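Engineer: Fold the following for me, if possible:
(one chain, ligands or ions: 2)
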Amino acid sequence: MLILGIETSCDETSAAVVRDGREIVSNIILSQDVLHRQFGGVVPELACRAHEESIIGVIDNALVDAKIQLSELDAIAVVNTPGLIGALLIGVTTAKTLCMVLDIPLIAVNHLYSHIYANNLEYKNISYPAISLVVSGGHTTLFLSKSETECIALGGTIDDAAGEAFDKVSKILGLGYPGGPVIDKLAKQGNKDAVTFPRSYLEKDSFDFSFSGLKTAVLYYHRGQNLDASRLKTPHDQRIADIAASFQEAVIDVLVNKAFQASIMYDAKGILVGGGVAANSRLRQRLHERSKERNIPVYYPSLRLCTDNAAMVAGFAYKKYLEGDIAGLDIEAIP
Ligand code: KG4
Ligand code: ZN
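Structural biologist: Ligands and ions are numbered 1, 2, ... in the order given. You can find the predicted model right below:
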């Protein structure tokens, strides 16, 4: 069965063709990073205009790469929640229109579940129940996954998402947008123990997260050090690298500790990590180390499948299709 996936929830326009929920036949991802960089974050109005301009071309490219015609598709899947409302509407309207014209089923996909499913595209033997951690620019959520499709939220961020904290701290340090990849790289040259930033665990046994206090701590520390980017010879000053590494370690400590704590509490057979921040090399290293210590498998997707992409959408949709979970053409985009 060939499903076309469409993803426009934030700042990537993506379309992919996936066979039987597993085989990625094509996966086109058009990033809007360049567009938003000058503003230091995603500008919703610009994001939806850019999706509108490029969605048809991106779908065309996904079909060309897959060497198929529109008429060969068996179903179309689209992310309808959560995300930026204007951005979601472009994908949802395009998917509905195609399904109506082609007379094929429409499958509505939750963006967060699709991030978790990115792991199922790459690993065949994941056992359940599992703990799933979605860490992206808009979300930091821990789930109990009972199966590939059934997820129960255990907790989430009460303020900034992990990726958002990376992006904002990057802006504070004068490192640009998106912040995750640049902090990841720079932190390798920094000393993670240089500054002790706060780790917020909230109440005992809470699976909620809070990163805004950490962000503010970085802001005040940076101000106090008089490290204005315009005065530095290079933003890759050692002191900036030390702050980046210390900040990154604080985020990762909380993510890793909470994910493993949940895995013990729910007797999980594995931990699945997804979303843009799952691309972070230090997070992957720490997860790998703890996985060995605790003897519980940890899964994270390859880099291209961590950040937003439509292959994970089309893959997840196949499982929903098998369960008979087909959407009506009246589905809404829900931010
Ligand atoms: O999942 P994603 O592509 O979009 C959302 O659903 O939000 O995630 C984007 C986020 C951005 O905040 C970006 O800074 C972060 O993922 N990110 C990273 C890395 N690569 C992307 N964060 C930390 N380390 C990385 N290597
Ligand atoms: Zn995402």
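Engineer: near ligand 2, which residues of the stretch 1-150 of the chain?
Structural biologist: Those residues of the stretch 1-150 of the chain that sit near ligand 2, judged by C-beta under 5 Å from the ion, are S136. Just so you know, the C-beta spots here come from the backbone N, C-alpha and C atoms, and that holds for glycine as well.
Engineer: where in the stretch 1-150 of the chain is pLDDT low?
Structural biologist: The model of the stretch 1-150 of the chain has no residue with pLDDT under 70.
Engineer: just so I have it, where are all the strands in it?
Structural biologist: With strands called from DSSP state E, counting those that start in this stretch, the stretch 1-150 of the chain shows them at 2-7, 12-19, 23-31, 75-81, 106-110, 130-135, 140-145.
Engineer: What is the distance between the last one and the centre of its chain?
Structural biologist: When you say that, I think you mean strand 140-145. Distance, stretch centre to chain centre, for strand 140-145: 13 Å (C-alpha atoms, centre = their mean, to the nearest Å).
Engineer: ok, the residue of the chain found nearest ligand 2 - how many residues close by?
Structural biologist: Residue of the chain nearest ligand 2, by C-beta to the ion: S136 (4.0 Å). S136 has 25 neighbouring residues, counting by other C-beta atoms under 10 Å.
Engineer: mind listing what it touches?
Structural biologist: Taking C-beta atoms under 8 Å, 6 or more residues apart in numbering as the contact definition, S136 lies against H115, A161, A162, G163, G274, G275, G276, V277, D308.
Engineer: how about a cut-off of 6 Å?
Structural biologist: By C-beta atoms under 6 Å, 6 or more residues apart in numbering, the contact set of S136 is G163, G275, G276.
Engineer: Contact residues of this structure facing ligand 1?
Structural biologist: In this structure, the chain approaches ligand 1 at residues 10, 136-138, 163, 166-167, 178-181, 184, 275-277, 279-280, 307-308, judged by C-beta under 6 Å from any ligand atom.
Engineer: Select from these every entry located in helices.
Structural biologist: Counting by DSSP state H, the residues of the chain next to ligand 1 place G163, F166, D167, G179, G180, P181, D184 in helices.
Engineer: and those residues, which two are the farthest apart?
Structural biologist: Spatial extent of these (C-beta to C-beta) is set by the pair D167 and D184 at 12.2 Å.
Engineer: the more surrounded of these two?
Structural biologist: More crowded of D167 and D184, by other C-beta under 10 Å: D167, with 26 against 19.
Engineer: Surely that one is in contact with V182?
Structural biologist: No. Contact criterion C-beta atoms under 6 Å: D167 and V182 do not qualify, at 9.8 Å.
Engineer: Any part of stretch 290-309 near ligand 2?
Structural biologist: Yes. Legend: contact between stretch 290-309 and ligand 2 by C-beta under 5 Å from the ion is shown at D308.
Engineer: What is the neighbour count of I104?
Structural biologist: Number of residues near I104 (other C-beta under 10 Å) recorded here: 16.
Engineer: Having no further points to raise, I will conclude here.
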